[in-house]
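Trainee: kindly return the folded structure for what I paste below:
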Amino acid sequence: MSATEITLTFHKSLYQDAGIQAAVEAYAGHAEEIDVQAGDTETTVTLRGFHPGYADVLGDFFANHALFETIVRARETLGGVPL
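Mentor: Numbers count the residues shown, from 1 in each chain. Predicted coordinates:
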């Protein structure tokens with residue numbers, strides 16, 4: 001894995017696909033390519049072609065955003081509060 005490629009794995013028991021997709025859209029301007037591979041129990045996201053200075057934080061920031069978006073959507077579903 002190069003310094004400008006990060007692969008993240010999100011287990012579907014915690015992360016919703018819609019939350020991950022929202023993070024992909026939010027981070028589209030920070031990477032040249034974001035590849036999403038959805039499996040039965042996990043979704044794998046690979047970010048490629050970003051500034052090497054972001055290598056230490058980009059994965060954590062992306063994952064936190066995906067979790068945030070998942071929580072927002074879960075609260076909407078459970079509480080009936082629209083996005």
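
Trainee: now do the strands in the protein.
Mentor: For the chain, the strands defined by DSSP state E cover 5-11, 33-38, 42-48.

Trainee: in a markdown table, list those along with distance to I71.
Mentor: Bear in mind the C-beta positions are built from the backbone N, C-alpha and C, glycine included. Shown next, in a markdown table, are the strands of the chain (distance: least, Cβ to Cβ, whole Å):
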| stretch | distance to I71 |
| --- | --- |
| strand 5-11 | 13 |
| strand 33-38 | 19 |
| strand 42-48 | 16 |
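
Trainee: check the ones you listed for me and report the most buried one.
Mentor: Among those, strand 42-48 has the highest mean neighbour count (mean count of other Cβ atoms under 10 Å), at a mean of 18.

Trainee: residues contacting it, please?
Mentor: Contacts of strand 42-48 from elsewhere in the structure, counted by Cβ atoms under 8 Å, 6 or more residues apart in numbering, are 4-12, 15, 17, 20, 23-24, 27, 30-37, 58-59, 62, 66.

Trainee: do the same with stretch 12-31
Mentor: If you take Cβ under 8 Å, 6+ apart as the criterion, stretch 12-31 is touched by 10, 34, 36, 38, 40-43, 45, 47-50, 54, 58, 61-63, 65-74.

Trainee: any buried residues in that stretch, and which?
Mentor: Y15, Q16, G19, I20, Q21, A22, A23, V24, Y27, A31 (16 or more other Cβ atoms under 10 Å).

Trainee: then stretch 64-79?
Mentor: H65, A66, L67, E69, T70, V72, R73.

Trainee: thinking again about what came up before, would you turn the buried residues of stretch 12-31 into TSV with pLDDT?
Mentor: Formatted as TSV, these follow (pLDDT from 0 to 100):
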residue	pLDDT
Y15	97
Q16	96
G19	97
I20	98
Q21	98
A22	98
A23	98
V24	98
Y27	97
A31	95
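
Trainee: next, give me the two most distant ones among these.
Mentor: The largest separation in these, counting by Cβ to Cβ, is between Q16 and A31 at 21.1 Å.

Trainee: might one say that F10 is in contact with A66?
Mentor: Yes. The pair F10 / A66 is scored as a contact, 6.3 Å apart, by Cβ atoms under 8 Å.
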